[in-house]
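Trainee: what follows is a predicted structure for the sequence shown.
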Amino acid sequence: MLAEFFTWWRQQLLELVPETLRRGAGADSNALVAEQAGPGLLSFTRRRRGTEARLAQVRLDEPGLVALRATLTGRPGGEPVVLRLPQDVVLERDVTLPLAAERDVERVLGYEMERLTPFSADEVYWSTTLESRDRARGRLALRLRLVPRAQVQQLVEVLARCGGAPSLIETETAQGPRAIRLAHEAGTTRIARLSPRTAAAVLGGLAALVVVSPFLRQSLDLAAAQGRLDAMQPKMQMVNELRHRIAGAGAGGDVVETETRRLGDALAGLAAVTEILPDDSYLTEFTMRERKITLSGLSASAPKLISALSADERIRNPAFTAPVTKQEAGHNDVFAISAVLAE
């Protein structure tokens, strides 16, 4: 329970960190780093505050395993073990998901792993990095990073048997170190190994953050809302001027009719989409701006929606704006489609 709380709280604090700094977060700064130096040979370095000092090289034979066990069991309490791999062993690709998937990215990617890669989720160690968040388009850009378990499982098991199960896999990239947390790492917690005085200081600091963070977050949200309101002022002024023209001129109805023809009738667009969609599909979101329609919802077969929309002369250029995902319960497709209302 305590480990889950710290994981959740760390994510909340990361939301307050600028994106560029979050991308630079890599492996643990203090760790015992194991790296394969050759066939059947492991080298160890100790990292302290970003500086590494070489310790030893160990062969994976009977005498070497004795030395390996002494190295791992003799390390300071709570020191994590990191398995460093060459960059060419780690596979990477860009992934785009709907913004709504951010609430449970790991579960969504677990379901989509076989579609995105040649592996299933239980055949790889993997992690993701948030690259960008496009709220206007409702998209989430991620960098998926994975290592096939078959390539590293033997090393992971040897280290675990000798008393030093690695907590993460580390690799160097052009953007700096990147880490992949191992599955069993979630079951460990380092706070239990801290001294009482250090643990009390950590908990005191977290308590202070609990008190301060809501006010800081509220201030940031208020500043962001005020910025959006300021940006909308010119449009609001235009709307007010148009209202005055409609109220003060007999030709106001003509102005509305002209603008409706130019920008499209949202009710007509909604009626057309409702008629076209089959009975096993329904919308959760409908927006229209200058004849451009955005649809989100659930369907028993999302690909068939593109054919149905394309066949109707009232709708043009229907296309998916995000990958189709499966609903966790109900087995429906979650879709996001954009189209244009014909004039």
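Mentor: Perfect, I can see it now. Note that the coordinates shown come from a computational prediction; the quantities given were computed from them, not determined experimentally.
Trainee: flag the shaky bits of the chain, pLDDT-wise.
Mentor: 1-29, 183-199, 248-256 (pLDDT under 70).
Trainee: what's the domain layout of it?
Mentor: Annotated domains of the chain cover 24-193, 194-261, 264-341 [automatic domain parsing].
Trainee: in TSV, list those domains along with mean neighbour count.
Mentor: All C-beta spots, glycine's among them, are computed from the backbone N, C-alpha and C. Below are the domains of the chain laid out as TSV (neighbours: other CB atoms under 10 Å):
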stretch	mean neighbour count
domain 24-193	15
domain 194-261	11
domain 264-341	16
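Trainee: and the contacts of stretch 269-285?
Mentor: With contact meaning CB atoms under 8 Å, 6 or more residues apart in numbering, stretch 269-285 is reached by 286, 288, 291, 293-301, 304-305, 308-309, 312, 314-315, 341.
Trainee: so how far does that stretch reach from one end to the other?
Mentor: This stretch, stretch 269-285, spans 13 Å end to end (CA to CA, to the nearest Å).
Trainee: distance from that stretch to the middle of the chain?
Mentor: Relative to its chain's centre, stretch 269-285 lies at 30 Å (CA atoms, centre = their mean, to the nearest Å).
Trainee: before we move on, what SS does Ser127 have?
Mentor: strand (DSSP: H, G, I helix; E, B strand; the rest coil).
Trainee: output the contacting helices and strands for the helix or strand harbouring Leu242.
Mentor: Secondary structure from DSSP states H and E places Leu242 in helix 196-248. On a contact count with 3 or more CB pairs under 8 Å, 6 or more residues apart in numbering; DSSP states H and E, helix 196-248 meets helix 2-14, helix 252-263.
Trainee: again, 7 Å this time
Mentor: Helix 196-248 is packed against helix 252-263, with contacts defined by 3 or more CB pairs under 7 Å, 6 or more residues apart in numbering; DSSP states H and E.
Trainee: which residue ranges form the helices in this structure?
Mentor: With DSSP state H as the criterion, the chain has helices at 2-14, 19-23, 62-73, 105-116, 149-161, 196-248, 252-263, 266-276, 302-310.
Trainee: show residues contacting the fifth one.
Mentor: Read that as helix 149-161. 34, 36, 60, 72, 81, 83, 85, 89, 123-125, 165-166, 169 (CB atoms under 7 Å, 6 or more residues apart in numbering).
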